[in-house]
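> Have a look at this fold, sequence not included:
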């Protein structure tokens with residue numbers, strides 16, 4: 001028979017814990033929404049600005065994806081800072097550095113068990129927040145990457161067709177007689 005540790009018997013989900021978790025989740029989603037809109041807007045603006053360069057050098061499109069990935073990481077780190085700041089504010093973590101590290105690991109669902117029992121529910125809510133925002137980030141990055149890949153394949157196909165056409169034009173047409181009959 002399983003025996004519950006004493007600390008588990010003392011834990012009760014509190015209404016204020018649910019409230020603060022909901023507020024933090026809403027703030028995270030709002031920040032993420034703004035961040036992803038800015039990322040897509042920046043990606044589209046850069047694609048338009050460098051359209052001619054992307055036709056000649058597909059790697060320019062890759063640099064746009066890298067910039068978008070950096071923006072997404074920055075947005076996610078800001079979201080983690082919000083949670084970490086809350087943990088420090090409520091005395092659930094000893095300092096901002098530990099709070100950020102632990103929140104980052106929990107945001108990526110790699111760690112839990114670092115908050116005092118009074119705030120234990122927030123660990124799960126932060127994991128949910130990370131899962132939701134990573135899925136959203138992935139869809140934004142995927143859309144930018146898909147456009148890059150399609151453009152790069154089109155450029156490669158056009159180059160191949162151009163080379164093939166040039167080779168066909170250079171080679172003399174062979175027939176049985178020199179008079180063409």
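The structure has been received and is ready for your questions. Quick caveat: nothing in here was measured; it's all calculated off a predicted structure.

> What number of residues are in the vicinity of the residue nearest to residue 133 when sequence neighbours are not counted?
Nearest residue to residue 133 in three dimensions, chain neighbours excluded: residue 32, at 4.6 Å (C-beta to C-beta, 6 or more residues apart in numbering). The C-beta positions use only the backbone N, C-alpha and C, and glycine is treated the same way. Applying other C-beta atoms under 10 Å, we find 22 residues neighbouring residue 32.

> Which neighbouring elements make contact with the strand or helix carrying residue 32?
Using DSSP states H and E, residue 32 maps to helix 15-49. Counting contacts by 3 or more C-beta pairs under 8 Å, 6 or more residues apart in numbering; DSSP states H and E, helix 15-49 is packed against helix 59-89, helix 120-170.

> and the angle from that helix to helix 59-89?
Angle between the axes of helix 15-49 and helix 59-89 is 160 degrees (criterion: axes from the mean of the first three to the mean of the last three C-alpha atoms, to 10 degrees).

> And helix 15-49, what's buried?
By neighbour count on 16 or more other C-beta atoms under 10 Å, the buried set for helix 15-49 is 17, 20-21, 24-25, 28, 31-32, 35-36, 39, 43, 46-47.

> So for it, mean pLDDT?
For helix 15-49, mean pLDDT rounds to 94.

> relative orientation of it and helix 120-170 in degrees?
Using the same axes, to 10 degrees: helix 15-49 against helix 120-170 is 10 degrees.

> quick one: residue 98 from residue 115, how far?
11 Å (C-beta to C-beta, to the nearest Å).

> Residue 130 now?
Relative to residue 115, and taking C-beta to C-beta, residue 130 is found at 15 Å.

> same thing with residue 68?
Taken as C-beta to C-beta, the span from residue 68 to residue 115 is 33 Å.

> between those two, who's got more neighbours?
Higher neighbour count among residue 68 and residue 115: residue 68, with 23 against 20, using other C-beta under 10 Å.

> okay but that one is in contact with residue 138, surely?
No - applying C-beta atoms under 8 Å as the test, residue 68 and residue 138 come out as separate, 11.6 Å apart.
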